[in-house]
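A.B. asks: Dropping a prediction and its sequence here:
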Amino acid sequence: MTQQDIILTPNAAKRVALIAEKQKKPAILRLAVDGGGCSGFQYRFELSDGIESDDTSVEEAGVTLVVDEISLDLVRGSAVDFVESLGGNAFQVTNPNAASGCGCGSSFSV
């Protein structure tokens, strides 16, 4: 994967590193796209124990973002960030492939 396929922002990498340290897990964030949500697809984030053979990965500040082959087609060109706001703190995907999304930003359609 090239840096242009998907980006993990420094702010998101910092937050993943903090969470991974607290949970005593590797600093590997997995982004997957599942069917569902109010717009058709939804993002799922979790810490991963490792990188699978069909994963694509990108690294930022010692943190790795991994995306499976099928999900990558739906998020190619996206940036994964961590946003803190009055509405709460959350990982956020800025996805140029999304035709529409929901108000909370956790689901989208293509």
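C.D. replies: Sure thing, it's come through.

A.B. asks: residues in contact with the residue nearest to residue 76 when sequence neighbours are not counted?
C.D. replies: Spatial nearest neighbour of residue 76, excluding adjacent residues (C-beta to C-beta, 6 or more residues apart in numbering): residue 5 at 5.5 Å. (Each C-beta comes from the backbone N, C-alpha and C, glycine too.) Residue 5 makes contacts with 56, 58, 72, 76, 77, as judged by C-beta atoms under 8 Å, 6 or more residues apart in numbering.

A.B. asks: cool, residue 63 as well?
C.D. replies: Contacts of residue 63 were listed using C-beta under 8 Å, 6+ apart, and they are 8, 12, 13, 16, 17, 20, 27, 28, 29.

A.B. asks: The same query, at a cut-off of 7 Å, please.
C.D. replies: When contacts are counted by C-beta atoms under 7 Å, 6 or more residues apart in numbering, residue 63 touches 8, 13, 16, 17, 27, 29.

A.B. asks: beta partners of it?
C.D. replies: Beta bridges link residue 63 to residue 60, judged by DSSP bridges.

A.B. asks: So residue 13 lies in a helix, does it not?
C.D. replies: Yes. Residue 13 forms part of a helix when assessed by DSSP: H, G, I helix; E, B strand; the rest coil.

A.B. asks: Who are the contact partners of the spatially most central residue of the chain?
C.D. replies: Residue closest to the mean C-alpha point of the chain, counted by C-alpha atoms, centre = their mean, is residue 31 at 4.0 Å. Residue 31 makes contact with 43, 45, 65, 67, 71, 75, 80 under the criterion C-beta under 7 Å, 6+ apart.

A.B. asks: I am finished for the moment; much appreciated.
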